[in-house]
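Asker: predicted model follows, preceded by the sequence.
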Amino acid sequence: MRNPRDFDAELKAPEEKARELKTRKVQQLGELVIAAGADQLSTDELAGALVAITETKDTSKREAWAKRGVMFFESRSRRTAPASERNSATGQRAIAGKRLWLAMTCAPGKSSAAGAPGSSSNLAVSSLRQASLI
């Protein structure tokens with residue numbers, strides 16, 4: 001006779017994975033805020049700026065912000081990476097990944113409205129509130 005399947009454990013595994021991914025995303029967003037120097041802004045200023053950015057539909061502005069973000073990441077990787085790693089395949093993949101992330105987050109016509117329940121802006125603010133950062 002074979003052992004019965006543990007359905008409860010199988011159902012919990014995707015929930016734990018989703019929770020880990022959400023935690024990592026919130027952590028990375030926090031690190032991005034700090035790296036950009038935006039942690040020196042008040043929470044109201046930062047939240048207002050982020051809401052204004054997400055509400056912007058002008059693709060030329062969004063593309064300009066994305067280019068500026070790419071330049072920010074490239075300049076940071078040059079400053080922090082040793083000379084031997086600056087032009088390595090790993091460094092190039094990291095830059096490509098950051099560009100992809102920027103392209104995905106700055107894509108025009110994104111479906112979630114700012115402030116809508118379940119939108120990433122609401123999730124980020126609620127996560128910051130839970131962490132007592134707001």
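Answerer: Now that the structure is in, tell me what you want to look at. Numbers count the residues shown, from 1 in each chain.
Asker: can we go C-alpha only for contacts and neighbour counts from here?
Answerer: OK.
Asker: can you give me the buried ones in the helix ranked longest in the chain?
Answerer: Across the chain, the longest stretch assigned as helix under DSSP state H is helix 7-35. Counting neighbours by 16 or more other CA atoms under 10 Å, one finds that the buried residues in helix 7-35 are Val26, Gly30.
Asker: could you point out which element follows it?
Answerer: Next helix or strand after helix 7-35 toward the C-terminus (DSSP states H and E): helix 43-55.
Asker: remind me what whatever helix or strand comes next after that following helix packs against, helices and strands.
Answerer: Under the assignment DSSP H and E, the closest C-terminal helix or strand after helix 43-55 is helix 59-80. Under the contact definition 3 or more CA pairs under 8 Å, 6 or more residues apart in numbering; DSSP states H and E, helix 59-80 sits against helix 89-105.
Asker: give the burial count for Ala38, as a bare number.
Answerer: By other CA atoms under 10 Å, 14 other residues sit near Ala38.
Asker: which non-adjacent residue is nearest it?
Answerer: Leu46 (7.1 Å; CA to CA, 6 or more residues apart in numbering).
Asker: against Phe72, how distant is the one you found?
Answerer: 18 Å (CA to CA, to the nearest Å).
Asker: got it, and Leu41?
Answerer: 18 Å.
Asker: still on that earlier bit, give me the mean pLDDT for the longest helix of the chain.
Answerer: Averaging pLDDT along helix 7-35 yields 90.
Asker: per-residue pLDDT of the residue nearest to Ala38, please?
Answerer: Confidence at Leu46, expressed as pLDDT, is 93.
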